[in-house]
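Visitor: My questions concern the predicted model and sequence given below.
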Amino acid sequence: MDSSNTMWVLGHKITPHDTSGDYDLMVAETPPNVPGPPPHLHNAYKESFLIIEGELEFFVNGKTQVVRAGESVDIPPKTLHTFNNKTNQTCKWINIHSPKGFRTFFNELGVPDTEANAVEKSVAPELIQKVIQTASDYDMIIQG
């Protein structure tokens, strides 16, 4: 696995992978007790999560569900969602956005894993404000 482009985004470790298809593919790790992004939806993107190790709690259209290793969740466009790792162990997961394009959000707002204090920088108040202010540029419509 090429981890040379690994970055931290809002406290999550993200490694994008190049694809020849019309989708973005990321491998991610969410440390223990780390919240996900603010509740949001995408007007155009379909999104899927496959849990490899651990579990995440998902909030999808007003319903909460725990998704464990080997399970997946599929999120159609215009579906309000977020997730959290409420456990004491790291969760590893695969994330797919279709069509291709959402990777730009990670590339532009992520903090390279090689930077000192990358995790802390990825959750710094000024970066969180930048995410909130620019989210709609990436078809991430924050609700609430």
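Guide: That came through fine.
Visitor: got any ranges where the chain has weak pLDDT?
Guide: 1-3, 144 (pLDDT under 70).
Visitor: which secondary structure elements does the helix ranked longest in it contact?
Guide: Taking DSSP state H as the assignment, the helix of the chain that covers the most residues is helix 125-134. Packing partners of helix 125-134 (3 or more Cβ pairs under 8 Å, 6 or more residues apart in numbering; DSSP states H and E): helix 103-109. The C-beta positions use only the backbone N, C-alpha and C, and glycine is treated the same way.
Visitor: and the following helix or strand past the helix it packs on, which strands flank it?
Guide: Scanning forward in sequence from helix 103-109 by DSSP states H and E, the next helix or strand is strand 111-112. In its sheet, strand 111-112 lies beside strand 7-9 (antiparallel), with partners assigned from DSSP bridges.
Visitor: Each with direction, which strands does the next helix or strand after the partner strand pair with?
Guide: With elements assigned by DSSP H and E, the helix or strand that comes after strand 7-9 is strand 12-17. According to DSSP bridges, strand 12-17 forms sheet pairs with strand 7-9 (antiparallel), strand 24-30 (antiparallel).
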